[in-house]
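*Asks:* Sequence and predicted structure are below.
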Amino acid sequence: MSDRLQHGVTSHVPVLRLGEVLLVTLQGDLHDSDAQQLQQDICEAVANSGVTGVVIDISGVEIVDSFLGRVLAEIAANASLLAARTVVAGMRPAVAITLVELGLTLPGLRTALTTEAAMELLTHHDPAAGRGRLSQELG
Amino acid sequence: MPSSTAVEASLPIQSEMDLAWVRQHVRQAAAQLGFGLVAQTKLVTAASELARNTLVHGGGGRMESAAVTRGQAHGLRLVFSDEGPGIADLDRALTDGYTSGGGLGMGLGGARRLVHEFAVDSTPGSGTKVTVVCWVTPPPRPYGGL
Amino acid sequence: MPEHQAAVSEGTSARQVAEFLYRHSERIAQRWADEPLFRSVFTVSRDEAVEAARAVAEALARVAESERVHDTDATGFVVVREQLARMAAARSRAGASMAQVSGEVEALRPPVASLLVEECADLPADEVREYATALTVLMGTLRLVVLDTALSEGQALIERQQLQLLEVATPVIRLWDGVVAVPLIGTLDSARSQVVMETLLEAIVEQHARFAILDITGVPTVDSLVAQHLMKTVAAARLMGAECVVSGIRPAIAQTIVHLGLDLGTVVTRASLADALAYALHELGVGIVAPASGGAGAR
């Protein structure tokens, strides 16, 4: 088992700040303690930086079990208390199906297809902001 | 027939690191047996839930995995065993939202919904054994030959 | 089975039958080639029919030789199993029922039996009877083997077709930039719902679709299981960051849903696919404006 080093550890999760948004990219298999550490890190980062949004990109995550599901929900709840909105982006279809079968629909969580869509969601509050594009094209 | 070398295994569940090994092993075994991506993900997730139960509630234990066949169908069987306190009220433990360990209470009941067969054998005071089986949907036979 | 004293032992008669079959395989094949089973399958050349019949006769001889006249799994059958499967498949494609095929296999017995009787004319009657019994058992086993292969062929065909049907029945259509739809037609069972869910979610990723429309106009009934599957699909799409709209709920189905006490809860529903598309476009901030009346009149 030589891949212990390759796969086993993912203790460092990068948290980037992009303007008013924290971008967190999860990758691979996350250990329970790493997930808990991340929750704490994000909470502190939001409190210290005063960002208004958090985007968690999980497109590189192969499974989300109830533990990680709970961590994601709690990050969103914590951030919300600190006046920041959280969007989970890029959940894979297989992960989504599994979570639903598991019984975890995470109703309080905002979601987006991609990181870009999540950023857009956080920066444009008005869902009808892009209105008129088609009318222009057709007009 | 897939070879069973990477499927048969007995893994310890004593630490968080072992949970990652369990997930990785189940992923590889499921892929080798021909499970599709969604089925693999369900199996790995179920294994993760059950292994965490073994670690957190059972105080550690083992997971045994084996390939099984029934008639034409073949599948993967995972057995999680510990020698912990056991489950006093099984019905309650299988209820969504019930938790004794600070999770969302989806572990046991949720894992049951992710697999085809699910059996719990638990005696208070002498441990718990959870056995799950997932079947690969029989692949379509090649069209030729007629 | 020692209850009656046979003139010859079972094993001996089986071996005798084997020897008889080997010796006369050519004559038997010639006779069988004219029987409906072979004649109707090998229509092109009679030689082909004779050859196939000879292969079956020799396989039977090998089975008898191994004294396993009762055993459908006898190794002797292995070599002709594929050929028998092809023949049974050809007959069923031609519209023959299982009973007809069975009858056609049974019709192979009398020509051989009469040959056996001719051959054994000089032997004591009870001995001949033992041989005839062994032959009858052997032919009965052949019939079972044919039916068994035909059944498993049929099963394989059904499985293939089910899979094809699943694929054919769930097209995902891109209606607009960021809007996909699945028009569902026919009964939704558990397996199909699973395929629908997976196909739709994959399409959401591929098409970057923020909206997915599940149109159930063509679904005859919605029971609680189907409703549950719809809800699961909606929930999974939401986790991925897309919104699902269920459209085409016919009045009868709406009544059923209410009657069953099903809670579609937070699911967005619209009467028709067009309404669902309008909703999605509105949410995307896209407006549709009718062209000025003068402009359209030119066509």
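*Replies:* Received it, and whenever you're ready, just let me know what you need.

*Asks:* give me the number of residues near C:Leu225?
*Replies:* Neighbours of C:Leu225 under the rule other C-beta atoms under 10 Å in any protein chain shown: 12. Yep, even glycine has a C-beta here, placed from its N, CA and C like the rest.

*Asks:* Name the nearest residue to it, ignoring sequence neighbours.
*Replies:* With C-beta to C-beta, 6 or more residues apart in numbering or on different chains as the criterion, C:Leu225 has its nearest non-adjacent residue at 6.9 Å, and that residue is C:Ser190.

*Asks:* The longest helix seen in chain B near chain A anywhere?
*Replies:* Ranked by residue count, the top helix of chain B under DSSP state H comes out as helix B:37-56. Yes - counting by C-beta under 8 Å from any C-beta of the partner chain, chain A is contacted by helix B:37-56 at B:Leu37, B:Val38, B:Gln40, B:Thr41, B:Lys42, B:Val44, B:Thr45, B:Ser48, B:Glu49, B:Arg52.

*Asks:* what do you get for stretch B:14-32?
*Replies:* Yes - Stretch B:14-32 reaches chain A (C-beta under 8 Å from any C-beta) through B:Glu16, B:Met17, B:Leu19, B:Ala20, B:Trp21, B:Arg23, B:Gln24, B:Arg27.

*Asks:* Can you name the residues that contact the residue lying closest to the fifth one once chain neighbours are set aside?
*Replies:* Taking C-beta to C-beta, 6+ apart as the measure, B:Trp21 lies nearest to B:Leu11, with 5.8 Å between them; neighbours along the chain are not counted. With contacts taken as C-beta atoms under 8 Å, 6 or more residues apart in numbering or on different chains, B:Leu11 has the following neighbours: B:Asp18, B:Trp21, B:Val22, B:His25, B:Arg62, B:Met63, B:Ser65.

*Asks:* out of those residues, which are inside strands?
*Replies:* B:Arg62, B:Met63, B:Ser65 (DSSP state E).

*Asks:* if we look at chain C, which of those residues are close to it?
*Replies:* Okay, of those, nothing touches chain C (C-beta under 8 Å from any C-beta).

*Asks:* Name the member of these with the most neighbours.
*Replies:* Busiest of these [other C-beta under 10 Å] is B:Met63, holding 24 neighbours.

*Asks:* In contact with that one, which residues?
*Replies:* Contacts for B:Met63 (C-beta under 8 Å, 6+ apart) come out as B:9-11, B:13, B:22, B:25, B:47, B:50-51, B:54, B:78-81.

*Asks:* In the residues you listed, which residue is surrounded by the most others?
*Replies:* That'd be B:Leu50 among the contacts of B:Met63, by other C-beta under 10 Å, with 32 neighbours.

*Asks:* Beta-bridge partners for the closest residue to that one other than its chain neighbours, please?
*Replies:* Once flanking residues are discounted, B:Leu50 sits nearest to B:Phe80: 4.6 Å by C-beta to C-beta, 6+ apart. Beta-bridge pairing for B:Phe80 (DSSP bridges): B:Met63, B:Val130.

*Asks:* Distance check, B:Phe80 against B:Ala111.
*Replies:* In this view, B:Phe80 and B:Ala111 are 9 Å apart by C-beta to C-beta, to the nearest Å.

*Asks:* for C:Gly154, same thing?
*Replies:* For C:Gly154, the distance to B:Ala111 - C-beta to C-beta - is 37 Å.

*Asks:* ok so, going back, helices or strands up against the longest helix of chain B?
*Replies:* helix A:66-81, helix A:93-102, strand B:9-13, helix B:16-32, strand B:61-70, strand B:73-82, helix B:107-114, strand B:127-135 (3 or more C-beta pairs under 8 Å, 6 or more residues apart in numbering or on different chains; DSSP states H and E).

*Asks:* if we can go back for a sec, export the residues of stretch B:14-32 next to chain A to TSV and append columns for distance to C:Leu138, pLDDT and neighbour count.
*Replies:* Shown next, in TSV, are the residues of stretch B:14-32 next to chain A (distance: C-beta to C-beta, whole Å; pLDDT from 0 to 100; neighbours: other C-beta atoms under 10 Å in any protein chain shown):
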residue	distance to C:Leu138	pLDDT	neighbour count
B:Glu16	65	88	13
B:Met17	63	90	13
B:Leu19	60	93	25
B:Ala20	60	92	22
B:Trp21	57	93	21
B:Arg23	56	94	21
B:Gln24	55	93	18
B:Arg27	51	94	19
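
*Asks:* hmm, which two among those residues are most spread apart?
*Replies:* Within these, two members stand farthest from each other by C-beta to C-beta: B:Glu16 and B:Arg27, at 17.1 Å.

*Asks:* quick check: domain ranges of chain C?
*Replies:* Per the record, chain C has its domains at C:10-164, C:173-284, by automatic domain parsing.

*Asks:* As CSV, those with distance to A:Ile97 would be great.
*Replies:* Formatted as CSV, those follow (distance: least, C-beta to C-beta, whole Å):
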stretch, distance to A:Ile97
domain C:10-164, 19
domain C:173-284, 5
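
*Asks:* Dump those domains to a markdown table, plus mean pLDDT.
*Replies:* Formatted as a markdown table, these follow (pLDDT from 0 to 100):
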| stretch | mean pLDDT |
| --- | --- |
| domain C:10-164 | 85 |
| domain C:173-284 | 88 |
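
*Asks:* Out of those domains, flag the one nearest B:Ala88.
*Replies:* domain C:173-284 (31.3 Å).

*Asks:* which secondary structure element contains the residue most central in space within chain A?
*Replies:* Nearest to the geometric centre of chain A sits A:Ile56, at 2.1 Å (C-alpha atoms, centre = their mean). Using DSSP states H and E, A:Ile56 sits within strand A:53-60.

*Asks:* Just the CA atoms of that strand, as PDB, please.
*Replies:* Backbone C-alpha positions of strand A:53-60 (Å, rounded to 0.1, in the frame of the first residue of the first chain) are rendered in PDB as follows:
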ATOM      1  CA  GLY A  53     -20.100  35.100   1.500                       C
ATOM      2  CA  VAL A  54     -18.500  31.700   1.700                       C
ATOM      3  CA  VAL A  55     -18.300  29.400  -1.300                       C
ATOM      4  CA  ILE A  56     -17.400  25.700  -0.600                       C
ATOM      5  CA  ASP A  57     -16.400  24.000  -3.800                       C
ATOM      6  CA  ILE A  58     -17.000  20.200  -3.400                       C
ATOM      7  CA  SER A  59     -16.700  19.200  -7.000                       C
ATOM      8  CA  GLY A  60     -13.600  17.200  -6.100                       C
END
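
*Asks:* what pLDDT does residue 2 get?
*Replies:* Just going to use chain A. Predicted confidence (pLDDT) at A:Ser2: the value is 38.

*Asks:* The intended chain is chain C.
*Replies:* 46.

*Asks:* try B:Met1
*Replies:* The model reports B:Met1 with a pLDDT of 46.

*Asks:* What of the one 4 residues further on?
*Replies:* At B:Thr5, the model reports a pLDDT of 57.
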